[in-house]
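Asker: here's my sequence, what's the structure:
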Amino acid sequence: MTPIEFIYFDLGNVLLGFNHDRGCRQLSELTGVSAERIQEILFTNGMQQRYEKGQVTTEEFHRYFCDETQTDASLADVCQAASNIFTPMDTTIQLAHALKQVGHRLGLLSNTCDCHWQFCLKDSRFGFLHQLFETTVLSYAVGHMKPEPDIYRIAANLADCDPSSILFIDDKHENTAAAKQFGFDVIHFQGIPALIPELIKRKLIQG
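Answerer: Got it, this is the predicted structure:
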């Protein structure tokens, strides 16, 4: 097994829990449009994916949302309602801190959009985002989404490591499968009890 030189964490459902249904409910309360219609506007029609891929700006997303809901909700209110959906996953965050403290290089590799990321950076509960990661590979910023091969290529280049020496931890099997095909070592995240033995096996933490 190649020694690990760099560890990438996924963000959603690995370090931060999230609930898109909550976002739809909050946008419904803001606009008076049903949560089901909000779901259709954002997800069924593919806008959220285009936003996460950087194909539309936050301002374009806002204009689209207001046009579709026939409302004049402010940009700040829409972003707040859409983004206040995250909760810290404390045990994984603590583990990331422990990895950092013993000298491991850490990064984030996440499918996300601009307003979600800006919300998380400003939320005092998520200070670890400023403390732990030397590299952030965010889909909206790089124009590619997991499981597309190009996002793993970008991540390897930014880490300045051979892919075989990069570990990627993600909760979605399709993302870890694609990263493994690119050459990364991977762990499909299924909770801390399963993660810790995998890290011990790779000699990243002590048993």
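Asker: contact partners of stretch 180-196?
Answerer: Among residues not part of stretch 180-196, those counted as contacts by CB atoms under 8 Å, 6 or more residues apart in numbering are 1-2, 4, 8, 10, 13-14, 91-92, 95, 149, 152-153, 156, 162-173, 176-177, 179, 198-199, 202, 205. Bear in mind the C-beta positions are built from the backbone N, C-alpha and C, glycine included.
Asker: roughly how far does the residue lying farthest from the centre of the chain sit from R153?
Answerer: Relative to the centre of the chain, and counting by CA atoms, centre = their mean, the farthest-placed residue is Q70 at 30.0 Å. In this structure, Q70 lies at 42 Å from R153, with CB to CB, to the nearest Å as the measure.
Asker: buried residues in stretch 23-42, which are they?
Answerer: Applying a neighbour-count criterion of 16 or more other CB atoms under 10 Å, the buried positions in stretch 23-42 are 23-28, 30-31, 33, 35, 37-39, 41-42.
Asker: and stretch 69-79, end to end?
Answerer: Between the start and the finish of stretch 69-79 there is a gap of 15 Å, counting by CA to CA, to the nearest Å.
Asker: chain center to it, what's the gap?
Answerer: On the basis of CA atoms, centre = their mean, to the nearest Å, stretch 69-79 is displaced by 24 Å from the centre of the chain it belongs to.
Asker: now that stretch: buried residues?
Answerer: Neighbour-count burial for stretch 69-79 flags 69, 71, 73, 78-79 (criterion: 16+ other CB under 10 Å).
Asker: do stretch 173-193 as well
Answerer: Of the residues in stretch 173-193, those buried under the neighbour-count criterion (16+ other CB under 10 Å) are 175-176, 178-179, 182, 184-189.
Asker: tell me the domain ranges of this structure?
Answerer: By the record's domain assignment, the chain is partitioned as 6-17+87-201, 20-83 (automatic domain parsing).
Asker: now those in a markdown table, with mean pLDDT?
Answerer: As requested, those are arranged in a markdown table below (pLDDT from 0 to 100):
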| stretch | mean pLDDT |
| --- | --- |
| domain 6-17+87-201 | 98 |
| domain 20-83 | 97 |
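Asker: contacting residues for the spatially closest residue to Y140 that is not a sequence neighbour?
Answerer: For Y140, the nearest residue in space outside its immediate sequence neighbours is G54; the separation is 4.2 Å by CB to CB, 6 or more residues apart in numbering. Listed by CB under 8 Å, 6+ apart, the contact set of G54 reads 139-143.
Asker: now L99
Answerer: Shown in contact with L99 (CB under 8 Å, 6+ apart): 7, 106, 199, 204-205.
Asker: among these, which one has the most neighbours?
Answerer: Within these, I7 tops the neighbour count with 24 neighbours, counted by other CB atoms under 10 Å.
Asker: how much space between that one and G23?
Answerer: I7 sits 29 Å away from G23, going by CB to CB.
Asker: how about A73?
Answerer: Using CB to CB, one gets 14 Å for the distance from A73 to G23.
Asker: no further queries at this time; thank you.
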